[in-house]
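Asker: pasting the structure only:
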Ligand code: ADP
């Protein structure tokens, strides 16, 4: 098989792939090359840890993979579909249908309850309030948060807030989960519990997931580990 045929077949079986991605930022009159010729493939059901120190470009990679930012060069394929040049509307649609995000800080809507925060993205996608609430309740039960359904984020602990944010991210049954330091804001004990719940849910639902984390113990539990080196993705 030629190199380009094997790249093509990897893209066809991948749920997400980045091909020769460049991303640079301007700092004064200097250009910062954060990604240069980055290649990455995520297969269905696979969990991958992106381990790199602060400032290495983890968020940049996740934003590009999640269609929140566009590369300066290269291509992003979601389910084999080239996305870098699609309109903002088309990219938003793909993001809503196929991609869930978990951030270091939960970004829950403060004026809504736990169940409403999880139901909301499903209603935006077109489900009835009844259907959305029913799925949100199932997820809250899975997260062992059935006692916290009607609590607002300020009435939840950090670990509980993050479990609600995880439930929200998977509520629309995405194919890909992208997580940026999902337990980085929690104490070690809570972090390992939340991470266990998160990976349990990812594995039970057959999601493909890319987790940026500093935590090597958590990274060790993933199927693969990658780092960023000189703007490229390198397998550990
Ligand atoms: P990480 O998530 O690994 O901490 P980031 O992807 O957030 O890294 O950032 C990588 C580098 O790019 C950092 O040096 C950061 O300061 C810089 N950077 C990130 N976003 C921008 C931006 N919009 N403009 C200029 N520099 C940026």
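Answerer: Structure received. Computed from a predicted model, the values in this text were never measured in an experiment.
Asker: In the sheet, which residues pair with the nearest residue to residue 31 once chain neighbours are set aside? Tell me.
Answerer: With sequence-adjacent residues excluded and distances taken as C-beta to C-beta, 6 or more residues apart in numbering, residue 31 is closest to residue 24, at 4.8 Å. Any C-beta I mention is one placed from the backbone N, CA and C, and that applies to glycine too. Beta-bridge partners of residue 24, counted by DSSP bridges, are residue 33.
Asker: Look up which residues are beta-bridged to the residue nearest the centre of the chain.
Answerer: Compute the mean C-alpha point of the chain, and by C-alpha atoms, centre = their mean the closest residue is residue 178, 0.9 Å away. Counting by DSSP bridges, residue 178 is bridged to residue 101, residue 210.
Asker: Tell me which stretches of the protein form helices.
Answerer: 3-13, 58-65, 88-98, 114-124, 129-142, 158-170, 188-204, 216-219 (DSSP state H).
Asker: And the last one, how far out from the chain middle?
Answerer: For helix 216-219, the distance from its own C-alpha centre to the chain's C-alpha centre is 17 Å (C-alpha atoms, centre = their mean, to the nearest Å).
Asker: From the contact counts, what lies against it?
Answerer: The contact analysis (3 or more C-beta pairs under 8 Å, 6 or more residues apart in numbering; DSSP states H and E) places helix 216-219 against helix 188-204.
Asker: Now tell me what touches the helix it packs on from outside.
Answerer: 45, 47, 102, 142-144, 157-159, 162-163, 166, 170, 177, 179, 182-184, 186, 207, 209, 215, 217-218, 221-222 (C-beta atoms under 8 Å, 6 or more residues apart in numbering).
Asker: Please apply the same query to stretch 99-113.
Answerer: With C-beta under 8 Å, 6+ apart as the test, stretch 99-113 has contacts from 66-67, 78, 114, 116-117, 120, 149-154, 161-162, 164-166, 168-172, 174-182, 184-185, 198, 207.
Asker: For that stretch, measure first residue to last.
Answerer: Counting by C-alpha to C-alpha, to the nearest Å, you get 23 Å between the two ends of stretch 99-113.
Asker: and that stretch, does that touch the ligand?
Answerer: No: using C-beta under 6 Å from any ligand atom, stretch 99-113 never reaches the ligand; the gap is at least 9.7 Å.
Asker: pLDDT on that stretch, on average?
Answerer: For stretch 99-113, mean pLDDT is 93.
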